[in-house]
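Engineer: okay, here's the prediction I keep looking at, along with the sequence it came from:
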Amino acid sequence: MMIAFFMVVSCLLVCSTQAAVKNVDDGPSIISDDGDIVFNALKAIIFNGTVVQCANATGECFPSMKLAIEAVKTSLEVLIGSVSGDLAALETNVGQLNNSVDGLRGTPNVIHSLDVKSDELSNAIDAVNSDLNVTISTVNELSSILATVTSCLNCGKDKYCDAGECVACSTLCMKGFKQDVPCGFDHDRECVDINECDQKDTCYPGVTCTNTDGGFDCGACPVGFYGNGIACHPCSSCPQGFHAVVDCDGDHDVECDDVDECMAASHECHENATCINAVGGYKCKCSEGYFGDGYNCRRCSACPDGFELDATCEGVFDTVCKDVDECDTDPCLSSEVCVNTYGTYRCDCPDGYFRDSGSCSIDWGADSFLGELINGDSIVSGGKASFKQIESSNGDIFDISNGDILIKEAGLISLDYHQDTRCYSSYCTIILYAITPSLTREISRELIAYTTNWDGIFLSSNFKVEANTLLRVNFASADFRTIDNGIWSRISVGFIPETAKPSSYVGLLNNMLSGNYATFSDAFVDQSELDDITQNGGYFYFGQDGIVKFDYLQDIIHNCGYFYGEAIRYRNTGETIIVSRELQAHTSGRWDGYHDGGAMAVKAGDHLRFNMYIDRCSSRSIDNGVWAPVGIGFIPYHGKNKQATYIGVLTNNCGGSICRFVPRELTNSDVFSLTNGELTVAKAGHVSIDYHQDLIHACPYAYLSIIRVRGSTTDTIVRELQAHTSGYWDGIAVSGNFAVNADDIVRMELQCSAIQAIDNGDWGLVSAVWHPPSH
């Protein structure tokens, strides 16, 4: 029984051991074979040329490579699993074998067999352990390779794999090198030296080129050139006046220095000149008392009689002599004009004068016209005024054409028109036009406020006209109730011919500044000289000495008891003079007209400004544009026989109806003088006069007249009417242009039996200008 049992166990042990040994023997064979195949395939994928090329291409082969490596990874995982299973089975067989050995230790035959099998089993275990270690080593190596490959697959373009790390490829080869091997999967780019000497024009033609690591060297420039071998330049030569101090030697150009011709006595200066060395040459300067270019010198000249030194003889220029202006010493008669000529002078009659028996007499052709309205009844509803002539000394200048005043010659016009009327509208307007065949220009306009009483409206201006100009007055409103004719509607026109070189300015109010003075925009300006009359910021500047006649009309509403304005002349010396002052009573909420006019003498640089002290009124309105025209005339002085001007102030309150004055300014006492306070004109000619007076009166109307007294004869020239002032101060003004004989007296008369108050001084200013007549 025991033997049978032993045999069975022995058989089972032997069979099991053989199976175990067979299994152990099969394991290493499988591990070894599969490991070698996988390892070699994986190494081929990583290190062969295909992988390197792919890393330098666009990366399109990366997906395929990833699939291949993932397949290897799967094979490794299968292999590791198989090895792990074999190891587990082997451990089980070893355990069973050990148990069988322990159970059969008492059976000698079995022991012997077991010992044999035990030796075989030990050898098998050693072999399995050896192959197991190789397999584990192979698995570890393959796992490391797979991890490295997987990491490097993420490097992307412009990087390479170094020991499992992604490293950026070198950007560029250094200067003087070029790429030989591009950046690959497992290596950086490689650069090699460029042989610049193989390139064209590396060195200057004929210069030896030697290649160096990363560069090149050029030899010396050819004879006759200098430079660095790359660029060579022809050697320079010293210009005239210089000599070489350093020769051109291939590295640098020639260096030159100045030759001192004066020291070397190689100059060509004149014997009366001094040699002055200069860089590259020399200069010659004539000695004192000589002039010229230094090579030729001549003695300086002296100024002849009639000339004086203007610039001394110096350099290349001889003495410069200028003409002596003998006229500065007034060598001519008072009626003559001294004309300086080259080296001498002559005495001429001035423009507008003629020589008469050895002396000069004026021949300006100044004239005046006096007329009056004849159709007042027919224009109460508006229309063109028609005038008739009362007085004119020169039919070649003035005429009447269909009721208009015709000016036959070109010249300067001073016009004053006084009209008494009644207006039943809020205001009534009259307008002055200058009409030529090609142009109609509005010159001036004036308005009168609503009034049921007789009151005066006053239109005036100063402007130039061309030959054959019509002067027309239009009654522009349809609500004139009555318009008087005759002496109550006088128009007077002064004329200065173009030969006297007059100028004029007509402008329109632009703004009444807070400083109480008016600024104007130009309407039209006619000037003989561009700077005769210039306007800037409300100031009118005059470019030369002469006579000025001005008129400024303004419509206005205000609530003051009265306001007033002034025309002021300013001199560069700081001197000022009030030429005219006009006062206006409150307007009762209606538009009414304001007038300021006068005449004065000016010097070059004098300026005129119109001040209106309207800001004293808490309520006021002032119109701009055509409702505020200004007209200024300017006549320059000609020769010694100048025009005359006069400015006076009232002194007697117009007592006994005659207004008497004292002079404020008189420019020519040979013409104007005062006789018992009245203006006397010593010479025949033409007079323009303006008088402004403030007063309070209770008459239905008062009127102010300009009267010419000639011996025992008196003639009323013009007359201005003023309605009762209702207890307020108000201004009245009268102006006229008319002819005078020698010793005529110009009288101002104020007629009113109920004058309540009248002011003297600046509140009663008169100005006048006299022009000589035609011979």
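Structural biologist: On my side now, so go ahead.

Engineer: so G184 makes contact with Y160?
Structural biologist: Yes - G184 lies in contact with Y160 (Cβ atoms under 8 Å); the separation is 6.0 Å. C-beta coordinates here come from the backbone N, C-alpha and C atoms, glycine included.

Engineer: out of those two, which sits in the busier spot?
Structural biologist: Set G184 next to Y160 and count neighbours by other Cβ atoms under 10 Å: Y160 wins out with 22 against 19.

Engineer: distance of that one from D188?
Structural biologist: 6 Å (Cβ to Cβ, to the nearest Å).

Engineer: average pLDDT across the helix or strand harbouring V78?
Structural biologist: Using DSSP states H and E, V78 maps to helix 62-103. Taken as a whole, helix 62-103 has an average pLDDT of 63.

Engineer: what's the answer for stretch 732-749, then?
Structural biologist: On average, stretch 732-749 scores 96.

Engineer: show me which residues of it are buried.
Structural biologist: Judged by neighbour count (16 or more other Cβ atoms under 10 Å), stretch 732-749 contains these buried residues: 732-740, 744-749.

Engineer: repeat that for stretch 333-352.
Structural biologist: S335, E336, V337, C338, Y345, C349, P350, G352.

Engineer: contacting residues around M512?
Structural biologist: Residues near M512 by Cβ atoms under 8 Å, 6 or more residues apart in numbering: A518, T519, M612, I614, I622.

Engineer: let's see it at 6 Å
Structural biologist: With contact taken as Cβ atoms under 6 Å, 6 or more residues apart in numbering, M512 is in contact with A518, I622.

Engineer: next: F398.
Structural biologist: Counting by Cβ under 6 Å, 6+ apart, F398 touches F369, S392.

Engineer: would you map the helices across the protein?
Structural biologist: 2-47, 49-56, 62-103, 108-152, 261-264 (DSSP state H).

Engineer: correct me if wrong: V279 contacts D258.
Structural biologist: Yes - with contact defined as Cβ atoms under 6 Å, V279 reaches D258; the gap is 5.2 Å.

Engineer: and these two? Which one has more around it.
Structural biologist: Taking other Cβ under 10 Å, V279 and D258 do not tie; D258 has more neighbours (15 against 9).

Engineer: for Q96, see how far away the more buried one is.
Structural biologist: D258 is 121 Å from Q96, by Cβ to Cβ.

Engineer: again with K642
Structural biologist: In this view, K642 and Q96 are 159 Å apart by Cβ to Cβ.

Engineer: neighbour count winner among the two?
Structural biologist: K642 (21 against 15).

Engineer: so how many other residues sit close to the spatially closest residue to the more buried one that is not a sequence neighbour?
Structural biologist: Distances taken as Cβ to Cβ, 6 or more residues apart in numbering place N668 nearest to K642, at 6.2 Å, with adjacent residues excluded. When counting by other Cβ under 10 Å, one arrives at 16 neighbours for N668.

Engineer: now the one 5 residues further on
Structural biologist: The local packing of S673 (other Cβ under 10 Å) involves 14 other residues.

Engineer: quick one: the strands in the stretch 551-700 of the chain?
Structural biologist: Under the criterion DSSP state E, counting those that start in this stretch, the stretch 551-700 of the chain contains strands at 562-570, 576-585, 592-602, 607-612, 620-622, 625-636, 644-650, 658-659, 661-666, 672-675, 678-681, 685-697.

Engineer: so which of these is nearest V324?
Structural biologist: Each of the strands of the stretch 551-700 of the chain has some distance to V324 by Cβ to Cβ; the shortest is strand 625-636, at 25.8 Å.

Engineer: what lies in contact with that closest one?
Structural biologist: Residues from elsewhere that reach strand 625-636, judged by Cβ under 6 Å, 6+ apart: 412, 414, 444-445, 461-463, 496, 500-509, 520, 532-533, 544, 546-555.

Engineer: so for the closest residue to G280 other than its chain neighbours, what's the pLDDT?
Structural biologist: Leaving aside its chain neighbours, G280 sits nearest to G241 (4.0 Å; criterion: Cβ to Cβ, 6+ apart). pLDDT, G241: 83.

Engineer: same deal with C197?
Structural biologist: Looking at C197, its pLDDT reads 87.

Engineer: quick one: contacts for it?
Structural biologist: C209, N211, F216.

Engineer: again with K322
Structural biologist: Applying Cβ under 6 Å, 6+ apart, the residues contacting K322 are D310.

Engineer: same question for the one 5 residues further on.
Structural biologist: C327 makes contacts with C338, N340, Y345, as judged by Cβ under 6 Å, 6+ apart.

Engineer: strands - which of those residues land there?
Structural biologist: C338, N340, Y345 (DSSP state E).

Engineer: save those as a markdown table, and put in distance to Q527 too.
Structural biologist: Below are the ones in strands among the contacts of C327 laid out as a markdown table (distance: Cβ to Cβ, whole Å):
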| residue | distance to Q527 |
| --- | --- |
| C338 | 26 |
| N340 | 26 |
| Y345 | 29 |
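
Engineer: out of those, the closest to R719 would be?
Structural biologist: C338 (45.5 Å).

Engineer: excluding residues flanking it in the chain, which one is nearest the closest one?
Structural biologist: Going by Cβ to Cβ, 6+ apart, C338 has C327 as its nearest residue, at 3.5 Å.

Engineer: would you mind measuring from the one you found to P636?
Structural biologist: As defined by Cβ to Cβ, C327 lies at a distance of 17 Å from P636.

Engineer: do Y691 as well
Structural biologist: As defined by Cβ to Cβ, Y691 lies at a distance of 26 Å from P636.

Engineer: repeat that for I405.
Structural biologist: From I405 to P636 the distance is 26 Å (Cβ to Cβ).

Engineer: for L333, same thing?
Structural biologist: Shown here: L333 relative to P636, a distance of 20 Å by Cβ to Cβ.

Engineer: go on, S401?
Structural biologist: 31 Å.

Engineer: if we ignore the residues flanking it in sequence, what's nearest C262?
Structural biologist: Distance criterion Cβ to Cβ, 6+ apart; nearest residue to C262, sequence neighbours excluded, is C275 at 4.0 Å.

Engineer: give me the pLDDT for the one you found.
Structural biologist: Per the predicted model, pLDDT is 92 at C275.

Engineer: go ahead and confirm it touches C269.
Structural biologist: Yes - assessed by Cβ under 6 Å, C275 is found in contact with C269 at 4.7 Å.

Engineer: quick check: bridge partners of the nearest residue to C752 once chain neighbours are set aside?
Structural biologist: Leaving aside its chain neighbours, C752 sits nearest to A702 (3.4 Å; criterion: Cβ to Cβ, 6+ apart). Beta bridges link A702 to Q722, judged by DSSP bridges.

Engineer: any regions of the stretch 601-750 of the chain where pLDDT drops low?
Structural biologist: 638-641 (pLDDT under 70).

Engineer: look up the residues forming beta bridges with I696.
Structural biologist: Beta-bridge pairing for I696 (DSSP bridges): A757.

Engineer: what about it, how many neighbours?
Structural biologist: I696: 19 neighbours (other Cβ under 10 Å).

Engineer: how far away is it from G764?
Structural biologist: As judged by Cβ to Cβ, I696 and G764 stand 14 Å apart.

Engineer: and for D670?
Structural biologist: Relative to G764, D670 is positioned 26 Å away (Cβ to Cβ).

Engineer: these two - which one has more neighbours?
Structural biologist: G764 (26 against 10).

Engineer: was I right about the more buried one contacting N652?
Structural biologist: No - counting by Cβ under 6 Å, N652 is not a contact partner of G764; they are 9.4 Å apart.
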